[in-house]
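**Student:** Just need the structure, nothing else, for what follows:
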Amino acid sequence: AYKSILESFIHAGAINEVKVQVVNVHSEGITPENVAEKLSGLDGLLVAPGFGNRGIDGKITAVKYAREHDLPFFGICLGMQMAVIEFARNVLGLPQAHSTEMDAKTPDPVINMMEEQKQVTMMGGTMRLGAYPCDIQANSLAHRIYGETSISERHRHRYEFNNAYLEQFEANGMKATGTNPTTGLVEIVEIPTHPFFIGVQYHPELKSTVEKPAPLFVHFIAAAKAHNEGQLASKKSTSKVEL
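**Tutor:** Modelled structure (predicted):
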């Protein structure tokens, strides 16, 4: 999957006429004290898929930095879940919010195991796999990216956004703009007031090709390019010296 992500960046870079330089930042080493240093100079932040506790606190800290500093953000699967947890802790005021994958006893399980997975005891090969439909809200960032209100993307996960908290999230600025039409599961979250902040439960990198780059990657790189150009323009304007 990580190779697919790197290939997707190449596809998206070609469409945007830029060469994408990927900087790998290991989240185990990210803390609130050094996050600015670790992420300074980046034009976008992608938090990739994954499993387990490794580097979780660093991922959440990185998402917080991107949200607060208008840094283009793109979360895939676990990356989307980290965005949800960060928002719950730092915007909704739920400091112990977590995923039950990492903390089964969290008082605020904003990410929880899918209902059909709770009865599964043999975990191998039982995840939500394959392509599933997603309905997209009109006039959302996701709608602008896909240009459609109904899409199909591939999945590989057991945990999901807990809809019991959906009203709180939406009232405070994080919107669920993509949902499964049959189950109501949240597939896409975004923050409309941010220049580019989107998380998806599915894996768009798995369908990206040279001839048809994944739209989410294309628009993420476009946002990163715009951020880069804005930073350069800002540096030029502040470097002028009046005598």
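
**Student:** So for stretch 40-51, what gets flagged as buried?
**Tutor:** Of the residues in stretch 40-51, 42, 43, 44, 45, 46, 47, 48, 49, 50 count as buried by neighbour count, 16 or more other CB atoms under 10 Å. Just so you know, the C-beta spots here come from the backbone N, C-alpha and C atoms, and that holds for glycine as well.

**Student:** Bridge partners for the residue nearest in space to the middle of the chain, pull those for me.
**Tutor:** The centre of the chain sits closest to residue 75, judged by CA atoms, centre = their mean, with a distance of 1.6 Å. Beta bridges link residue 75 to residue 47, residue 199, judged by DSSP bridges.

**Student:** Let me see the contact set for it.
**Tutor:** Applying CB atoms under 8 Å, 6 or more residues apart in numbering to residue 75 gives the contacts 46, 47, 63, 81, 82, 83, 198, 199, 200.

**Student:** Looking at those, state which has the most neighbours.
**Tutor:** Highest neighbour count within the contacts of residue 75: residue 81, with 30 neighbours (other CB atoms under 10 Å).

**Student:** gap between the nearest residue to residue 209 once chain neighbours are set aside and residue 84?
**Tutor:** Nearest residue to residue 209, sequence neighbours excluded (CB to CB, 6 or more residues apart in numbering): residue 11, at 6.8 Å. Going from residue 11 to residue 84 by CB to CB, to the nearest Å gives 27 Å.

**Student:** What's the mean pLDDT across stretch 193-207?
**Tutor:** Here stretch 193-207 scores 93 as its mean pLDDT.

**Student:** re the thing from before, dump the contacts of residue 75 into CSV; add distance to residue 99 as well.
**Tutor:** Formatted as CSV, these follow (distance: CB to CB, whole Å):
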residue, distance to residue 99
46, 19
47, 13
63, 13
81, 6
82, 9
83, 12
198, 19
199, 13
200, 16
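
**Student:** ok, back up a step: shouldn't the residue nearest to residue 209 be in contact with residue 205?
**Tutor:** No: using CB atoms under 8 Å, residue 11 makes no contact with residue 205, being 9.6 Å away.

**Student:** Can you pick out the residue with more neighbours from those two?
**Tutor:** Regarding residue 11 and residue 205, a neighbour count based on other CB under 10 Å identifies residue 205 as having more, with 25 against 21.

**Student:** show me the contacts for residue 66.
**Tutor:** Residues in contact with residue 66 (CB under 8 Å, 6+ apart) are 39, 45, 72, 73, 197.

**Student:** Just grab the bridge partners of residue 134 for me.
**Tutor:** Where residue 134 sits in a bridge, its partners, by DSSP bridges, are residue 151.

**Student:** if we look at the longest helix along the chain, which residues are touching it?
**Tutor:** The single longest helix within the chain, with elements called by DSSP state H, is helix 215-238. With CB under 8 Å, 6+ apart as the test, helix 215-238 has contacts from 8-9, 11-13, 15-16, 18, 20, 43-44, 46, 70-72, 74, 144-147, 195-196, 198, 200, 204-205, 208.

**Student:** cool, stretch 205-212 as well?
**Tutor:** Taking CB under 8 Å, 6+ apart as the rule, stretch 205-212 contacts 1, 4-5, 7-8, 11-12, 14, 76, 153-154, 214, 217.

**Student:** Figure out the length between the terminal residues of that stretch.
**Tutor:** Using CA to CA, to the nearest Å, one end of stretch 205-212 lies 11 Å from the other.

**Student:** circling back: quickly list what's touching both of residue 11 and residue 205.
**Tutor:** With CB under 8 Å, 6+ apart as the test, residue 11 and residue 205 both reach 214, 217.
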